[in-house]
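Engineer: Need a 3D model of the following:
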Amino acid sequence: MVDPLEIPGMKDVRMLLKKHHSKEYGYRPIKSVTYIAIHHSLTKSGSAEAFARYHVATNNWPGLGYHFVIEKDGIMKWCNEIEKSTYHVGNSNRFSVGICLTGDFRTEKPTDLQWKSLNTLTKWLMRELSIEPENVFGHSEFSGYASKQCPCLDMDKIRLSLKEKKQPSNKPFNFAKYYPNPTGKIYRLSELFSKINHLSPPELKKINPQLTSEATTKPPDVQIQPSPEAPISQEVSSEISTYIRMMEKEGYSINYDDSKDYNLNILGLRTPNHIPNKFDDSLVVFWKFNGTWHIKKYKITTDPGTGPLLNLNKKGNSNGTAILKKGQYKDSHIIGYHKKQYRALVQANPVTVIRDNNWDNILDFDNGREFTGIFGINIHRANEHRESQQVDAWSAGCQVFANPQDFKEFMDMCTKSNLEWRKNFTYSLINV
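Structural biologist: Numbers count the residues shown, from 1 in each chain. Now for the predicted structure:
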């Protein structure tokens, strides 16, 4: 996964742009992105926000078609995850990332600030995605678009400028970020030179003055050890260890394979509160990649709300309201549509529920008959627009997110996991 926010001047507007109410862009593996597409907006003015409104309202697209927009003041806006296959170059969408510059370059030129930002962003994408200058195209250079007047820029000149040697940053190189080392392995400095192939020893010396001149010209006898703490702190690492011990105690299996990103462990933590209607539980997602652990934690409910517990709509199951029993449910969920309305994790294999059948608005985790089967115990969100404070009818046994933005982030991770790993997700639930 690449993070454009490390580029100075980049603004993340992904959550602020207009989106289609039902359509969504698909995802592709990051390794499939091998081209960069340059566009101009064909407008004298405009912004990422304005272009998104047009693409959704007029074109009926899922959202803005570009991954990045560079406005006339040089501000770069991150508009879509690079893994998203957005609409901007037709059949080439599946392997290209799109950059749009605000302006009509048939009659005007990009501002100096736009040129600078375009060079910065394009070189960063080339480095992160291993793309050569020869694969940086203007819109009209892609197959089927020769008649397009886009971007009306000298792409040969742009490609030539991208071949120029990149000036080193004044910022010290963060070994641990790019080469995390939680195992404590010791590296010789010469080994790190071979890994950091976009920096020569003299460049490394310039941005890391603490290194000796001898160390930048030949392999030293001394050894250095990159920090094992990045990109997560020791405190977070300790928290993950706690969850691993909890799961091991229950005999649950854990995904340790870190050869690819997003090998997710999805763990629900249920509080022992028998009073319903509160989002007082947690859902933890943690995974390991290239030796480094990552973690996300969200506020959810693992219990049904007041409506189903009291059977207020008189349509409840005659055996009682479902409460998911603690346990590990392997391959229990897949990405689908909750009530045919929006993407969520939907139940695909049997789980065990306890049926609370006394309709007394008290959660009975241990009393009641157990049933195992397919009951639509999905993992979804509550309100689409704002964080919900009460469960009410949002859950009749489902695992439900209180905050819609948390849920979106969770589903994005699940989608990326699907691309790298497997179709099904395992859900584990523990009483804490």
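Engineer: Now for this structure, the helix or strand with the poorest mean pLDDT.
Structural biologist: Least confident helix or strand of the chain, by mean pLDDT, DSSP states H and E, is strand 223-224 with a mean of 34.
Engineer: Could I get the contacting residues of Asn60?
Structural biologist: Contacts for Asn60 (Cβ atoms under 8 Å, 6 or more residues apart in numbering) come out as His20, Lys23. Quick note: C-beta positions are derived from backbone N, CA and C, even for glycine.
Engineer: Ala37 looks like it's in a strand, true?
Structural biologist: Yes. Counting by DSSP: H, G, I helix; E, B strand; the rest coil, one finds Ala37 located in a strand.
Engineer: any idea how far Leu118 is from it?
Structural biologist: Applying Cβ to Cβ, to the nearest Å, the value for Ala37 to Leu118 is 12 Å.
Engineer: quick one: which of these two has more around it?
Structural biologist: Ala37 (26 against 23; other Cβ atoms under 10 Å).
Engineer: that older thread, any common contacting residues for Ala37 and Leu118?
Structural biologist: With Cβ under 8 Å, 6+ apart as the test, Ala37 and Leu118 both reach Ile99.
Engineer: how near is Met155 to Ser161?
Structural biologist: 11 Å.
Engineer: and what of Asp261?
Structural biologist: Taking Cβ to Cβ, one finds Asp261 at 32 Å from Ser161.
Engineer: Settle it for me: which of those two has more neighbours?
Structural biologist: Asp261 (19 against 15).
Engineer: State whether that one is indeed within a strand.
Structural biologist: No. According to three-state DSSP, Asp261 belongs to no strand; its state is coil.
Engineer: Look up the closest residue to it, ignoring the ones flanking it.
Structural biologist: Spatially, and ignoring its direct neighbours in sequence, Asp261 is nearest to Phe289 (4.5 Å; Cβ to Cβ, 6 or more residues apart in numbering).
Engineer: go on, Phe105?
Structural biologist: In space, Phe105 is closest to Cys152, 3.9 Å off (Cβ to Cβ, 6+ apart).
Engineer: Verify the stated contact: that neighbour with His40.
Structural biologist: Yes. Between Cys152 and His40 there is a contact under Cβ atoms under 8 Å: 6.2 Å.
Engineer: Need the overlap of contacts for the two.
Structural biologist: Residues within reach of Cys152 and of His40 at once, by Cβ under 8 Å, 6+ apart, are Phe105.
Engineer: And the longest strand seen in the chain, what's buried?
Structural biologist: Using DSSP state E, we find that the single longest strand of the chain is strand 327-338. Using 16 or more other Cβ atoms under 10 Å as the test for burial, strand 327-338 gives Gly327, Gln328, Tyr329, Ser332, His333, Ile334, Ile335, His338.
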